[in-house]
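return atomic coordinates for the entry below.
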Amino acid sequence: MIDWLQHTTGGLLTLAAVSIAVLLFLIIKVKLEPFIALIVVGLLTALAAGLPVVQIVGSAQKASDSLLEKGFGGILGHIAAIIGLGTILGSILERSGGAKVLTGALLRAIGEKRAPLAMGLAGFVFGIPVFFDIGIFVLAPLVYVAAKQGGRSLVLYALPLLAGLSITHAFLPPHPGPVAAAGLLHVELGWIILMGLVCGIPAFLVGGVLYSTWIGKRVDVEVPAEFLVAEEEGEKETNPPSLGLVLAIIAVPLVLILAGTFGSIWLPKESALSGVAAFIGTPAVALTISVLLASWLLGLRRGLTGKDLSELSAKSLRPVAMILLVVGAGAFFGAVLAATGIGKAVAGSLDNAGLPVILAAYVISCGMRIAQGSATVAIVTTSGIVAPTVATLGYSQMQLALLVVAISAGSIIASHVNDGGFWIISRYFNMTVPQTLKTWTVLETVLSVSGFGVAALLMAVV
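Numbering: from 1, shown residues only. Okay, here's the model as predicted:
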């Protein structure tokens, strides 16, 4: 029995299925923190597969080559600085009042009659540097005012905003999910940005514009008077930053990373210009430049002190610790799957079944999302599961980026009651649970299917 489990395709696939089932049980039923559950399941899977203890955890004299330390260290060395810097950049933009500037400019440019579209674009642009929930907290008061002035359902204004925030959170760096997947599957972030935009924009148009407009006219939710109090009585920004400055700060890291990625392809090798592009296009360097610019232009020049910026950074980084632990534990779990041979067994089974890897990855990600609720956990776990398989296929960077998009698309499907975001949205936009299921849950599913559909079509032709 043990020999069958450790050395046959059927046994390894059974081991993989049992491992994932135990992982979900620990997260959903036992309520164990996901990063602890991933470590426990990774260790148990490695032992069940017969890996030597020294290979799993190392020895008292040396542990640096163990799966545990290499799994954690390899991915965190790649993403920790990126996620941390991206978080600080978003917090400075939030503090400066950039969201109000952006939304106000879009409303003026597009017009009050198209206010829902303006909200969607504000969510899409402002969602690039800020976390999903922070985007809701900052922009929700502006949605209340727009809905009150427009005299239509709050849903009509809220869903486009949520669609924009959701797409950027799932598909684009420096958000944790796509950054972690890029590290696990060895994809340059420039390709992730490019394919994330190529697939995300059509998904946003389908979900954030077409579906949101349709359902917003059919689900009537009023804006309670108390929702407007905070906006009317809160702090008024007397010296807001210019729209051009806000857009420039958001664009700088994306442009630099893209320049580094494609400069390495188009510029002569070993040239000085190629070296400059590679340096400034390194994600950590690009984001450091952006944070320094934001600290000066949106912080120090506008009256904040160094102490204010330090406190702002410390506060914004507190939630990041758990994200990094989940990503590190997911990478360890993926390293175990690769070392045990489970990855090769999965690859062979997919090939025999004729099931495309991109479809399998999407389905796995969907299942993880629906089962345990967290998009980041779904992306990290799925990437760890498919990474050993993908390593044998010789995919190009573009194909790998499309695979990341497919995994990310699966991670946002069917948000429901086990997702913290579901309850935030229900509370902030005055919706009952049935209304939230009818609007937000379906919106996430539309975004997921649309994003995956574009990625799958592109994968078929590249």
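
please tell me I have it right and G196 contacts V179.
No. Using C-beta atoms under 8 Å as the test, G196 is too far from V179 to be in contact (11.1 Å). For the C-beta atoms, the positions are set from N, CA and C on the backbone; glycine is no exception.

what residues are shared contacts of those two?
Common neighbours of G196 and V179, using C-beta atoms under 8 Å, 6 or more residues apart in numbering, are P173.

quick one: the helices in the stretch 101-250 of the chain, in order.
In the stretch 101-250 of the chain, the segments counted as helices under DSSP state H, counting those that start in this stretch are 115-126, 132-150, 154-171, 176-185, 189-204, 212-216, 225-233, 243-266.

so what does the third one touch, helix or strand wise?
Judged by 3 or more C-beta pairs under 8 Å, 6 or more residues apart in numbering; DSSP states H and E, the packing partners of helix 154-171 are helix 115-126, helix 132-150, helix 176-185, helix 189-204, helix 212-216, helix 375-390, helix 397-410, helix 442-461.

and L447, how many neighbours does it have?
27 (other C-beta atoms under 10 Å).

now do it against A375, distance only.
Counting by C-beta to C-beta, to the nearest Å, the gap from L447 to A375 is 11 Å.

so what sits against both of the two?
Here L447 and A375 have A170, I412 as joint contacts, going by C-beta under 8 Å, 6+ apart.

sorry, back to before: who wins for proximity to A60 among the helices and strands packed on helix 154-171?
Nearest to A60 among these is helix 375-390; the distance by C-beta to C-beta comes to 27.5 Å.

can I get the helices and strands packed on helix 154-171 in TSV including mean pLDDT and distance to F35?
Converted to TSV, the helices and strands packed on helix 154-171 look like this (pLDDT from 0 to 100; distance: least, C-beta to C-beta, whole Å):
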stretch	mean pLDDT	distance to F35
helix 115-126	93	29
helix 132-150	88	19
helix 176-185	94	12
helix 189-204	97	23
helix 212-216	95	34
helix 375-390	90	9
helix 397-410	97	19
helix 442-461	97	24
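
which one of the ones you listed lies closest to I289?
Using C-beta to C-beta, those put helix 189-204 closest to I289, at 14.7 Å.

hmm, who's touching the closest one?
82, 120, 124, 163-164, 167-168, 170-173, 178-179, 181-182, 254, 257-258, 260-262, 281, 283, 397-398, 400-402, 404-405, 408-409, 446-448, 450-451, 454-455, 458.

can you do 7 Å?
120, 124, 163-164, 167, 171-173, 178, 182, 254, 257-258, 260-262, 283, 397-398, 401-402, 404-405, 447, 450-451, 454-455 (C-beta atoms under 7 Å, 6 or more residues apart in numbering).

flag the helix or strand of the protein with the lowest per-element mean pLDDT.
Within the chain, no helix or strand scores below helix 225-233, which has a mean of 56 by mean pLDDT, DSSP states H and E.

state the distance from Y428 to P319.
18 Å.

so which of the helices and strands packed on helix 154-171 is nearest T288?
helix 189-204 (14.3 Å).

so which bits of that closest one are buried?
Using 16 or more other C-beta atoms under 10 Å as the test for burial, helix 189-204 gives 189-201, 203-204.

chain center to it: distance?
Helix 189-204 sits 12 Å away from the centroid of its parent chain (C-alpha atoms, centre = their mean, to the nearest Å).

cool, stretch 374-381 as well?
9 Å.

could you do stretch 40-50 as well?
28 Å.

restricting to C-alpha, output that stretch in PDB.
These are the backbone C-alpha positions of stretch 40-50, laid out as PDB (Å, rounded to 0.1, in the frame of the first residue of the first chain):
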ATOM      1  CA  VAL A  40       0.900  21.100   8.500                       C
ATOM      2  CA  VAL A  41      -0.400  19.600   5.300                       C
ATOM      3  CA  GLY A  42       2.900  20.200   3.600                       C
ATOM      4  CA  LEU A  43       4.800  18.400   6.300                       C
ATOM      5  CA  LEU A  44       2.300  15.500   6.400                       C
ATOM      6  CA  THR A  45       2.300  15.100   2.600                       C
ATOM      7  CA  ALA A  46       6.100  15.000   2.500                       C
ATOM      8  CA  LEU A  47       6.200  12.400   5.200                       C
ATOM      9  CA  ALA A  48       3.500  10.300   3.600                       C
ATOM     10  CA  ALA A  49       5.300  10.400   0.300                       C
ATOM     11  CA  GLY A  50       8.400   9.000   2.000                       C
END
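
list the buried residues for it?
Buried residues in stretch 40-50 (16+ other C-beta under 10 Å): V40, V41, G42, L43, L44, T45, A46, A48, A49.

okay, those residues in a markdown table with secondary structure and distance to L359 next?
Shown next, in a markdown table, are these (DSSP: H, G, I helix; E, B strand; the rest coil; distance: C-beta to C-beta, whole Å):
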| residue | secondary structure | distance to L359 |
| --- | --- | --- |
| V40 | helix | 30 |
| V41 | helix | 25 |
| G42 | helix | 26 |
| L43 | helix | 30 |
| L44 | helix | 29 |
| T45 | helix | 24 |
| A46 | helix | 28 |
| A48 | helix | 28 |
| A49 | coil | 26 |
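
okay, these in TSV with pLDDT and distance to A272 next?
Below are the buried residues of stretch 40-50 laid out as TSV (pLDDT from 0 to 100; distance: C-beta to C-beta, whole Å):
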residue	pLDDT	distance to A272
V40	95	50
V41	93	49
G42	92	45
L43	95	49
L44	95	52
T45	93	48
A46	93	47
A48	93	53
A49	91	49
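
closest to Y211 out of these?
V41 (36.6 Å).

leaving out the residues flanking it, which one is nearest to the closest one?
L23 (4.5 Å; C-beta to C-beta, 6 or more residues apart in numbering).

for the strand or helix carrying the one you found, the distance to its chain's centre please.
Here L23 sits within helix 9-28, counting by DSSP states H and E. How far helix 9-28 lies from its chain's middle: 25 Å, per C-alpha atoms, centre = their mean.

again with stretch 367-375
So, by C-alpha atoms, centre = their mean, the centroid of stretch 367-375 is 13 Å from its chain's centroid.

could you do stretch 184-192 as well?
Worked out by C-alpha atoms, centre = their mean, stretch 184-192 lies 13 Å from the chain centre.

check contacts around the residue nearest to A49 when sequence neighbours are not counted.
The shortest distance from A49 to any non-neighbouring residue, by C-beta to C-beta, 6+ apart, is to T340 (3.7 Å). By C-beta under 7 Å, 6+ apart, T340 lies in contact with L12, T45, A46, A49, L51.
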